[in-house]
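J.: model the structure of this input:
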Amino acid sequence: MGIIGWIILGLLAGVIAKILLPGRDPGGFIGTTLIGIVGAFLGGWISAHWLDHPITKNFYDGATWVAAIGGSLVLLIVYRLLFGNSRD
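T.: Numbers count the residues shown, from 1 in each chain. All right, here's what the predicted structure looks like:
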């Protein structure tokens, strides 16, 4: 899976993370989408380097999706903790 595949996966992972963690986000839809893309890369990297489970090149692999969504959730939580009160 190339860089375009990871970006598409990240977009979808960001939407899924937003569905799983509803609420106001400081960055809105665009910020959540960017968090999803970065989270997909982060989740894949963590899975490959720390969990010793390299991500396959198959877009439809369940482990790839879990890693991308997990990375997106982690980044979304951190983002909300750091910048969550900036719109009050």
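
J.: next one: L51 from G43, what distance?
T.: 10 Å (C-beta to C-beta, to the nearest Å). No exception for glycine: its C-beta is placed from N, CA and C like everyone else's.

J.: by contact count, what packs against the lowest-mean-pLDDT helix or strand in the chain?
T.: Ranking every helix and strand in the chain by mean pLDDT, DSSP states H and E puts helix 28-49 at the bottom, with a mean of 78. Judged by 3 or more C-beta pairs under 8 Å, 6 or more residues apart in numbering; DSSP states H and E, the packing partners of helix 28-49 are helix 3-20, helix 62-83.

J.: output stretch 33-49 in CSV, but only the C-alpha positions, please.
T.: This file holds the C-alpha atoms of stretch 33-49, laid out as CSV (Å, rounded to 0.1, in the frame of the first residue of the first chain):
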residue,chain,number,x,y,z
THR,A,33,-9.0,14.4,9.3
LEU,A,34,-5.3,15.5,9.7
ILE,A,35,-5.2,13.7,13.0
GLY,A,36,-6.5,10.6,11.3
ILE,A,37,-3.8,10.7,8.7
VAL,A,38,-1.0,11.2,11.2
GLY,A,39,-2.6,8.6,13.5
ALA,A,40,-2.7,6.0,10.7
PHE,A,41,1.1,6.5,10.1
LEU,A,42,1.7,6.5,13.9
GLY,A,43,-0.3,3.4,14.5
GLY,A,44,1.4,1.6,11.6
TRP,A,45,4.8,2.6,12.9
ILE,A,46,4.0,1.5,16.5
SER,A,47,2.7,-1.8,15.3
ALA,A,48,5.7,-2.5,13.1
HIS,A,49,8.4,-1.4,15.6
